[in-house]
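Give me a 3D structure for the following:
(one chain, ligands or ions: 1)
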Amino acid sequence: MIHASRRLDRLPPYAVAELAVIRQRLLARGVDVIDVSAGDADMPPPPPAVDAISEAVRDPAMSRYAYQVGLREFRESAARYMERRFAARFDPETEVLPLIGSKEGLAHLALAFVNPGDGCVLPDPGYPAYLGGAVVADAEIIRVPLRPENGFLLELDHLTPAQLASARLVYLNYPNNPTAAVAPRDYLERTVETCRRHGILLAYDNPYCEVTFDGYRAPSIFEIDGARECAIEFHSVSKSFSMTGWRLAWAVGNARLIGPLRKLKSWVDTGVFLAVQKAGAAVLDRAESLIAPLVTELAVRRVATAEALGALGLSVERPKATMYLWVRLPQGVEATGFAKHVLEHQGVVTMPGTAFGEGGEGFFRIALTVPSDRLRQAVERIGAVLERQG
Ligand SMILES: Cc1ncc(COP(=O)(O)O)c(C=O)c1O
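Numbers count the residues shown, from 1 in each chain. Sure thing, here's the model as predicted:
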């Protein structure tokens, strides 16, 4: 008998992938499905990306292996973006590493830095790939609950001295998925300070830094003094440019921290399709103007959805960032069962809070990935379920 590894037994099925299967089944049955589960917006990618890749695929050189070094043009445009946007200078040769989407880099990071039994600190609820990476690296998982009463901030000071001593890696993500929380500067300062003091690698996952509203500007961790000593930051073209399927992101940080991730990846992948990197370079140099219309549309959707939820008595704060609304369920309504019910009886695919960890119990997430009228319709259908349950 051939068995999967015990390590795999420590991971539940991946929620979004499971939902995609159910969604297909419902669509095949002719159900009018509204999918607000994955952070995968319906907006098209920017024309410069499409033009750049169309031209690049005709160049046979683009069909060769990319390796980790990738396309110089992409690394340089990522470095220029970091400098323009965050006043943070990085060497495109040694400090910028192309990734096959940030999920890949985030998960592999644990294998590059964590020994079996080392502590890996994860937000709960949190983006599931952190858990994937930590489990595959045989880490000791240290979950820190994110609660509304402390602004959904992962406070390292809440760990026990033993946990702090064993921790090698912490995943931090603000603007946050799934809670849509943002991090105040003093929080980032004390977190960087704690990581430096305890020799903890800070993985700052920043794919939503451009998806911000009402004048809020999301920082880079490298705007904080001392971060270069202890942090790697992850950026992605997925959300900012509506290019989720293209699989392009980058890790940035000092060469001592980027090096091990590059080495690990050189043994497990051969880089991102060069034509995709060409497209990435094309959009990053025009980031500000290309992102603006996407964010304007998401802002409108956010207000429409928050208002519709408010009318149901589900009050949500209008988030300052991200493409998500994190909605508290009425007392006693259990997240997984509720999401299943909404899906099977109303054809609305939401994310149960528990898909992001036990800490997500009592919440569900709506992604602003369909137009406002469809979002309102989705909320109405959710309301019909709540009415019957209440
Ligand atoms: C917090 C967070 N990090 C990383 C990712 C992965 O993005 P990608 O792999 O498309 O770059 C996502 C996607 O939903 C996310 O929400």
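
Mind splitting this protein into its structural domains?
Per the record's domain assignment (automatic domain parsing), the chain is made up of the domains 6-45+289-389, 47-286.

which stretches of the stretch 51-200 of the chain have low pLDDT?
Using pLDDT under 70 as the threshold, the predicted model of the stretch 51-200 of the chain has no low-confidence range.

Show me what from the stretch 251-390 of the chain comes close to the ligand.
If contacts are counted using CB under 6 Å from any ligand atom, no residue of the stretch 251-390 of the chain sits beside the ligand. Placement of C-beta: from N, CA and C, glycine included.

could you pull out the strands for the stretch 251-390 of the chain?
Assignment of strands within the stretch 251-390 of the chain using DSSP state E, counting those that start in this stretch yields the ranges 324-328, 348-349, 351-352, 363-367.

Would you mind putting the ones you listed into a markdown table with mean neighbour count alongside?
As requested, the strands of the stretch 251-390 of the chain are arranged in a markdown table below (neighbours: other CB atoms under 10 Å):
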| stretch | mean neighbour count |
| --- | --- |
| strand 324-328 | 23 |
| strand 348-349 | 24 |
| strand 351-352 | 26 |
| strand 363-367 | 25 |
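
could those go into JSON lines alongside mean pLDDT?
Below are these laid out as JSON lines (pLDDT from 0 to 100):
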{"stretch": "strand 324-328", "mean pLDDT": "97"}
{"stretch": "strand 348-349", "mean pLDDT": "96"}
{"stretch": "strand 351-352", "mean pLDDT": "96"}
{"stretch": "strand 363-367", "mean pLDDT": "97"}
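
and those as a markdown table, adding distance to residue 3?
Converted to a markdown table, those look like this (distance: least, CB to CB, whole Å):
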| stretch | distance to residue 3 |
| --- | --- |
| strand 324-328 | 37 |
| strand 348-349 | 32 |
| strand 351-352 | 29 |
| strand 363-367 | 34 |
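
Pick the most deeply packed of the domains of the chain.
domain 47-286 (a mean of 20; mean count of other CB atoms under 10 Å).

Quick one: end-to-end length of it, please.
In domain 47-286, first residue to last residue: 11 Å (CA to CA, to the nearest Å).

What of stretch 226-243?
Terminal residues of stretch 226-243 are spaced 32 Å apart (CA to CA).

Report the mean confidence score over that stretch.
When pLDDT is averaged over stretch 226-243, the result is 98.

do stretch 261-275 as well
For stretch 261-275, mean pLDDT is 98.

Need the contact partners of it.
By CB atoms under 8 Å, 6 or more residues apart in numbering, the list of residues contacting stretch 261-275 from outside reads 52-53, 56-57, 59, 61-71, 97-100, 104-105, 108-109, 111-113, 232, 247-248, 251.

how about a cut-off of 7 Å?
Outside stretch 261-275, the residues that touch it by CB atoms under 7 Å, 6 or more residues apart in numbering are 53, 56-57, 62, 65-68, 70-71, 97-98, 100, 105, 108-109, 111-112, 247-248, 251.

Kindly report the same for stretch 2-12.
With contact meaning CB under 7 Å, 6+ apart, stretch 2-12 is reached by 132, 135, 136, 138.

any idea which of those is closest to residue 84?
Ranked by distance to residue 84 (CB to CB), the contacts of stretch 2-12 are led by residue 132 at 32.6 Å.

I'd guessed that closest one sits against residue 109; true?
No: Residue 132 is not in contact with residue 109 according to CB atoms under 7 Å; the separation is 11.0 Å.

Can you give me the neighbour number for residue 1?
Neighbouring residues of residue 1 were enumerated by other CB atoms under 10 Å; the total is 2.

quick one: the residue lying closest to residue 158 once chain neighbours are set aside and the ligand, what's the gap?
Leaving aside its chain neighbours, residue 158 sits nearest to residue 144 (6.4 Å; criterion: CB to CB, 6 or more residues apart in numbering). From residue 144 across to the ligand, the span is 16 Å (CB to the nearest ligand atom, to the nearest Å).

How about residue 333?
Using CB to the nearest ligand atom, we find residue 333 at a distance of 24 Å from the ligand.

Can you check what pLDDT the model gives that residue?
pLDDT recorded at residue 333 is 93.

Quick one: residues contacting it.
If you count contacts by CB under 7 Å, 6+ apart, residue 333 has them with residue 389.

can you check the one 4 residues further on too?
Contacts for residue 337 were tallied using CB under 7 Å, 6+ apart; there are none.

what sits opposite residue 365 in the beta ladder?
In this structure, residue 365 has beta-bridge partners residue 326, residue 351, where bridges are defined by DSSP bridges.

I figured it hits residue 326, correct?
Yes: because the distance of 5.6 Å satisfies CB under 7 Å, residue 365 is recorded as touching residue 326.

Mind listing the shared neighbours of these two?
Applying CB under 7 Å, 6+ apart, one finds that residue 365 and residue 326 are jointly contacted by residue 178.

Export only the CA atoms of stretch 244-263, formatted as PDB.
Below are the C-alpha coordinates for stretch 244-263, written out as PDB (Å, rounded to 0.1, in the frame of the first residue of the first chain):
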ATOM      1  CA  THR A 244      -3.600  36.500 -10.800                       C
ATOM      2  CA  GLY A 245      -3.200  33.800 -13.300                       C
ATOM      3  CA  TRP A 246       0.000  35.100 -14.800                       C
ATOM      4  CA  ARG A 247       2.000  33.900 -11.700                       C
ATOM      5  CA  LEU A 248       4.500  36.700 -11.200                       C
ATOM      6  CA  ALA A 249       5.700  38.200  -7.900                       C
ATOM      7  CA  TRP A 250       9.000  39.100  -6.300                       C
ATOM      8  CA  ALA A 251      10.800  38.800  -3.000                       C
ATOM      9  CA  VAL A 252      13.000  41.700  -1.900                       C
ATOM     10  CA  GLY A 253      15.400  42.000   1.000                       C
ATOM     11  CA  ASN A 254      19.100  42.000   1.800                       C
ATOM     12  CA  ALA A 255      21.200  39.500  -0.100                       C
ATOM     13  CA  ARG A 256      21.900  37.400   3.000                       C
ATOM     14  CA  LEU A 257      18.200  36.700   3.300                       C
ATOM     15  CA  ILE A 258      17.300  36.500  -0.400                       C
ATOM     16  CA  GLY A 259      20.200  34.100  -1.000                       C
ATOM     17  CA  PRO A 260      18.800  31.000   0.800                       C
ATOM     18  CA  LEU A 261      15.400  31.400  -0.900                       C
ATOM     19  CA  ARG A 262      17.100  31.600  -4.300                       C
ATOM     20  CA  LYS A 263      19.200  28.500  -3.500                       C
END
